[in-house]
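Q: Structure here, sequence nowhere to be found:
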Ligand code: G1P
Ligand code: ZN
């Protein structure tokens with residue numbers, strides 16, 4: 001029996017960089033989830049369609065899945081493929097959409113944000129290509145939430161999402177699938193599992209920290225079961241609704257236990273961590289941290305060593321705030337390079353058009369055209385494949401890379417939970433000062449140009465404005481300022497800092513030390529302390 005429930009618009013249901021994210025109690029409040037899901041179906045249409053559904057297992061994931069299923073049935077969907085227990089990593093969901101050629105999918109996740117009754121929850125829609133909905137679509141969904149008057153709900157019992165196989169919900173089919181199997185099979189087509197298995201058999205050791213989030217089962221199956229890494233290689237491998245109280249963001253601050261181990265005497269050869277929904281990765285060698293921007297560059301330069309990329313790359317794309325290290329590789333390879341706004345959705349067109357093969361963001365995201373999301377475990381496997389072929393340490397590979405291409409020293413400083421009005425005032429002042437900046441001298445550097453990044457998509461011509469303020473210096477150094485679009489509390493200011501060293505000397509400095517003048521210039525030019533009251537960042541990556 002289908003009921004039509006009267007509702008009224010709820011303010012603020014505007015998707016950000018990656019879907020709609022709010023505090024869990026907000027998502028659990030009356031009509032909140034239902035309004036947004038109905039808006040999704042109103043925009044993309046549900047009648048006769050097939051979708052994928054899954055999430056990162058955070059608190060409310062299981063109950064939200066039952067609501068979304070009942071609404072899909074009530075809106076006339078023909079079939080929904082759900083990960084067992086309503087679990088799917090974001091890259092695995094992207095893969096299932098493509099593999100089954102569904103009309104898209106709904107992913108329940110707030111990515112790297114903490115989970116739990118008082119933490120964050122999120123919902124996003126991915127398109128039939130497996131990628132996050134573009135701005136025009138999310139904007140239409142938001143518009144719909146502002147005029148919604150009713151939603152449709154099937155009255156039925158819960159579907160047993162613990163049982164793999166076919167279920168019926170009203171007229172709709174629900175296929176519950178193992179979340180890992182198809183994804184693991186895809187990885188086997190891309191990487192030389194034999195070579196990696198031989199490396200583990202030869203004594204190579206790694207630590208994989210899944211941070212009590214969704215990649216645990218994927219990592220155990222692929223690394224321990226299929227590649228023969230010793231049992232216990234994967235830690236924090238059981239997904240928990242509150243991520244065990246962890247902040248499942250794989251960076252040196254939040255994955256501190258992994259960093260400590262990798263810099264200790266007992267460090268294994270290789271370390272990696274992934275985030276809440278499995279699309280981010282951090283990679284660490286014994287005694288050496290790999291910045292995400294460098295990781296992208298090294299992967300691009302060596303991808304041909306893996307079978308899935310043996311024919312070479314079509315192009316490399318990076319988000320604008322990501323360092324230009326990958327550009328140098330693209331130039332050397334004579335392939336295309338692209339600079340997009342922040343957010344994986346901007347890579348979709350380039351991947352679909354076959355213009356880019358590998359993409360990456362400084363925010364611990366790397367991926368390729370195998371899916372339409374960034375993919376944490378994929379990046380780990382590509383690194384393992386490269387290590388297995390080159391038979392060198394991470395440190396040796398990085399040093400050789402810098403010697404060849406020069407080094408883009410890079411760091412991001414985050415200032416969290418700033419009062420929104422103060423952050424807005426800082427940006428207004430900064431934007432107002434841009435035309436005065438060229439020629440100005442600061443910290444011994446001269447500003448060459450300053451602008452507010454705008455992007456014209458080379459495939460469909462769509463334009464995205466105001467994607468971050470950039471200040472470029474004559475010596476090649478760069479500062480970028482952006483406000484986060486994924487937070488749920490106040491404003492988060494992100495300051496991205498970069499300085500290029502051509503070598504051969506000066507390639508082995510500590511990044512913060514190498515960037516010290518750029519950091520001081522960033523504070524001076526934007527008046528960060530005056531506007532926000534903050535003199536030091538909360539998180540440094
Ligand atoms: C952040 C990252 C961005 C990433 C997004 C989703 O967005 O900076 O690169 O695509 O999370 O994982 P932001 O909070 O900066 O808007
Ligand atoms: Zn994520």
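A: Alright, I've got the coordinates. Here the structure is a predicted model, which means the values were calculated and not measured. Ligands and ions are numbered 1, 2, ... in the order given.

Q: Please count neighbours and contacts with C-alpha atoms only from this point.
A: Fine.

Q: separation between the residue lying closest to residue 346 once chain neighbours are set aside and ligand 1?
A: Spatially, and ignoring its direct neighbours in sequence, residue 346 is nearest to residue 340 (6.2 Å; CA to CA, 6 or more residues apart in numbering). Residue 340 sits 11 Å away from ligand 1, going by CA to the nearest ligand atom, to the nearest Å.

Q: Just give me the neighbour total for residue 340.
A: Other residues near residue 340 number 25, with proximity taken as other CA atoms under 10 Å.

Q: Could you do the one 3 residues further on as well?
A: Neighbourhood size, residue 343 [other CA under 10 Å]: 22.

Q: same question, residue 154
A: Burial measure for residue 154: 19 neighbouring residues, criterion other CA under 10 Å.

Q: swap in residue 202?
A: Neighbour number of residue 202 under other CA under 10 Å is 9.

Q: Please apply the same query to residue 29.
A: 10.

Q: Return the distance of the residue in the chain positioned nearest to ligand 2 relative to ligand 1.
A: As assessed by CA to the ion, ligand 2 sits closest to residue 111 within the chain, at 3.6 Å. Distance check for residue 111 against ligand 1: by CA to the nearest ligand atom, it reads 6 Å.

Q: Make sure that residue is actually in contact with residue 250.
A: No - if you go by CA atoms under 8 Å, residue 111 and residue 250 don't touch, sitting 10.9 Å apart.

Q: intersection of neighbour lists for these two?
A: residue 275 (CA atoms under 8 Å, 6 or more residues apart in numbering).

Q: contacting residues for residue 480?
A: 321, 468, 469, 470, 471, 495, 496, 497.

Q: Most neighbours among the residues you listed, which one?
A: That'd be residue 321 among these, by other CA under 10 Å, with 30 neighbours.

Q: Enumerate every residue touching that residue.
A: Going by CA under 8 Å, 6+ apart, residue 321 touches 342, 361, 362, 480, 496.

Q: Would you mind checking which of those is nearest to residue 309?
A: For those, the residue nearest residue 309 by CA to CA is residue 361; the value is 19.7 Å.

Q: Which strand residues bridge the closest one?
A: Here residue 361 sits in beta bridges with residue 365, as judged by DSSP bridges.

Q: ok, it - how many residues close by?
A: The number of residues near residue 361, taken as other CA under 10 Å, comes to 26.

Q: wait, it sits on residue 326?
A: No - shown here, residue 361 and residue 326 do not form a contact pair, counting by CA under 8 Å, at 10.4 Å.

Q: who touches both of those two?
A: With CA under 8 Å, 6+ apart, residue 361 and residue 326 have common neighbours 293, 296, 318.

Q: Of those, which belong to strands?
A: If you go by DSSP state E, the shared contacts of residue 361 and residue 326 have residue 318 in strands.

Q: Out of the shared contacts of residue 361 and residue 326, which is nearest to ligand 1?
A: Nearest to ligand 1 among the shared contacts of residue 361 and residue 326 is residue 318, at 9.8 Å by CA to the nearest ligand atom.

Q: which residues sit in contact with the closest one?
A: Counting by CA under 8 Å, 6+ apart, residue 318 touches 326, 337, 338, 339, 340, 359, 360, 361.

Q: 7 Å instead, please
A: By CA atoms under 7 Å, 6 or more residues apart in numbering, the residues touching residue 318 are 338, 339, 340, 359, 360, 361.

Q: Redo these as a markdown table? Include distance to ligand 2 and pLDDT.
A: Shown next, in a markdown table, are the contacts of residue 318 (distance: CA to the ion, whole Å; pLDDT from 0 to 100):
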| residue | distance to ligand 2 | pLDDT |
| --- | --- | --- |
| 338 | 22 | 97 |
| 339 | 21 | 97 |
| 340 | 18 | 97 |
| 359 | 15 | 98 |
| 360 | 13 | 98 |
| 361 | 12 | 97 |
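
Q: Could you verify my assumption that residue 184 touches residue 222?
A: Yes - with contact defined as CA atoms under 7 Å, residue 184 counts as touching residue 222 (6.4 Å).

Q: The closest residue to residue 14 other than its chain neighbours and residue 513, how far apart?
A: Sequence neighbours aside, residue 142 is the residue nearest to residue 14 in space, at 5.1 Å (criterion: CA to CA, 6+ apart). Applying CA to CA, to the nearest Å, the value for residue 142 to residue 513 is 44 Å.

Q: what does residue 284 give?
A: Applying CA to CA, the value for residue 284 to residue 513 is 20 Å.

Q: Of these two, which one has the most company?
A: Using other CA under 10 Å, the more surrounded residue of residue 284 and residue 513 is residue 284, with 25 against 11.

Q: Excluding chain neighbours, what is closest to the more buried one?
A: Residue 284 sits nearest to residue 271 (CA to CA, 6+ apart), 4.9 Å away.

Q: need the contact list for the one you found.
A: If a contact means CA under 7 Å, 6+ apart, then residue 271 has 206, 207, 208, 262, 283, 284, 285 as its contacts.

Q: How about the residues of the stretch 101-250 of the chain by ligand 2?
A: residue 111 (CA under 5 Å from the ion).

Q: residues contacting residue 335?
A: Residues near residue 335 by CA under 7 Å, 6+ apart: 314, 315.

Q: er, residue 312 actually
A: With CA under 7 Å, 6+ apart as the criterion, the residues that contact residue 312 are residue 304.

Q: Which of the three states applies to it?
A: Of the three states, residue 312 takes coil under DSSP: H, G, I helix; E, B strand; the rest coil.
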